[in-house]
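*Asks:* I'll drop the sequence and a predicted model, then ask my questions.
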Amino acid sequence: MTQTLYPALITDALKTVRYPGTGKNLVEMDMVEDDIRIDGNKVSFSLIFDRPTDPFIRSVVKAAEAAILTHIGKDVDIAGNIAVKVKQVAQEKKNPLPGVKNIIGISSGKGGVGKSTVAANLAVALAREGYKVGLLDADIFGPSMPKMFGVEDAEIFMHKVDDRDLIIPHTKYGVKLLSIGFLVDPSSAVLWRGSMASNALKQLIEQADWGELDYFLIDMPPGTSDIHLTLVQTLGITGVVVVSTPQEVALADARKGIAMFTDPKVNVPVLGIVENMSWFTPENHPDEKYYIFGDGGAQKLAEQMKVRLLGCIPLVAAVGKHSDEGNPIALADSLAAQPFIHLAHNVIEAVDERNATLPPTTRVELKHPAQKK
């Protein structure tokens, strides 16, 4: 060693590492636990994060290792010696969905881009793959899932689970489904203030028997609102899928939505973008494509925002027809269903990549149902 190691030396090096979410250094943010251990040239300590799903865990640990090697010496044994811990308050916070492995928000910057259609068909496509899937229609002011699943007249029942009265989600096409549309008059407008809507959503999340799920999809309201913040604060969301059309006005709003989720105060990973209505294909001429809303807009936005393009969904009459009839197109064995099957595969891959960045103690490893014994 070129110099004697002592804790203050380690702390000084860590002061050069800034947490991406705030721009402050690790020492300023009290992220370095008072457990710095030195044994010859071996150094070990713990970094404390607010939550186990923090997307910056891996990059911060790597940056801390690099800072010590740069500012103290390359012969310091630090690789793999930095432990990751979660603040006690985060650990003690009750998980409202303990049986759910992955929570995915389906969002859009504006209405009218087919977000709910994408959410419904993605849920069905995942269920077709053999996964256990739940779907919450959180679009309080425009719930459409009851119509898309053909369960507009469904009644809601409750049963006791561990002495708690819980709502039983309606199950159809292998998807557990709840919607505010089950609880309000479908012919009347929902005249609720933001706090009322947020409380209703929390009830559908926390007071429902969702059971064991591989994927829990949330069809969020369009735009950005306090409902989005309620969902983020209530649940440890794995990531969001942003839906847009190729139109510039829709892409501009999608950009705002991505910015909201990646803001340090929200800090939810964006799994990728789905471009809906990418082109028009006449039903009798499946090889023809007409780019009536523009061409390649979502691809460019994905590249600019450094997120994945998860899929492009063509504008096909059968998609809307199946939604209106209450049987999502993803159920069909047809060419029109294939983009949604492809989307499901890409979402699974994006979630797996996201989980691979988490520490082993918080990582969710999900096998394809066909691989399960």
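*Replies:* Yep, it's here. Numbers count the residues shown, from 1 in each chain.
*Asks:* quick check, pLDDT for the most centrally placed residue in the chain.
*Replies:* The centroid of the chain falls nearest to Gly239 when counting by C-alpha atoms, centre = their mean (2.0 Å). Reading off the per-residue confidence, Gly239 sits at a pLDDT of 92.
*Asks:* what separation do you get for it and Pro269?
*Replies:* Here Gly239 is placed at a distance of 4 Å from Pro269 (C-beta to C-beta, to the nearest Å). (Glycine included, C-beta is placed from N, CA and C.)
*Asks:* now do the shared contacts for the two.
*Replies:* Overlap between the neighbourhoods of Gly239 and Pro269 consists of Arg354, taking contacts as C-beta atoms under 8 Å, 6 or more residues apart in numbering.
*Asks:* for Gly181, which non-adjacent residue is closest in space?
*Replies:* Spatial nearest neighbour of Gly181, excluding adjacent residues (C-beta to C-beta, 6 or more residues apart in numbering): Pro143 at 3.4 Å.
*Asks:* about what we covered before: doesn't Thr262 make contact with the residue nearest to the centre of the chain?
*Replies:* No. Using C-beta atoms under 8 Å, Gly239 is not in contact with Thr262; the gap is 11.0 Å.
*Asks:* what do these two both touch?
*Replies:* Residues touching both Gly239 and Thr262 comprise 268, 270, with contact defined as C-beta under 8 Å, 6+ apart.
*Asks:* what about the residue nearest to the centre of the chain, distance to Val161?
*Replies:* Counting by C-beta to C-beta, the gap between Gly239 and Val161 amounts to 28 Å.
*Asks:* extract the C-alpha set from stretch 34-53 and format it as PDB.
*Replies:* As requested, C-alpha coordinates have been extracted for stretch 34-53 and formatted as PDB (Å, rounded to 0.1, in the frame of the first residue of the first chain):
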ATOM      1  CA  ASP A  34     -21.000   4.000   9.900                       C
ATOM      2  CA  ASP A  35     -19.600   0.500   9.400                       C
ATOM      3  CA  ILE A  36     -16.400   1.100   7.300                       C
ATOM      4  CA  ARG A  37     -14.100  -1.900   7.900                       C
ATOM      5  CA  ILE A  38     -10.400  -2.000   6.900                       C
ATOM      6  CA  ASP A  39      -8.300  -5.200   7.000                       C
ATOM      7  CA  GLY A  40      -4.900  -4.600   5.400                       C
ATOM      8  CA  ASN A  41      -5.800  -3.300   1.900                       C
ATOM      9  CA  LYS A  42      -9.300  -4.700   2.000                       C
ATOM     10  CA  VAL A  43     -12.100  -2.200   2.500                       C
ATOM     11  CA  SER A  44     -15.800  -2.900   3.000                       C
ATOM     12  CA  PHE A  45     -18.800  -0.900   4.000                       C
ATOM     13  CA  SER A  46     -22.500  -0.400   3.400                       C
ATOM     14  CA  LEU A  47     -24.500   2.000   1.200                       C
ATOM     15  CA  ILE A  48     -28.100   2.800   2.300                       C
ATOM     16  CA  PHE A  49     -30.800   3.400  -0.200                       C
ATOM     17  CA  ASP A  50     -34.400   4.600   0.400                       C
ATOM     18  CA  ARG A  51     -36.000   1.600  -1.300                       C
ATOM     19  CA  PRO A  52     -35.000  -1.800  -2.800                       C
ATOM     20  CA  THR A  53     -36.200  -0.900  -6.300                       C
END
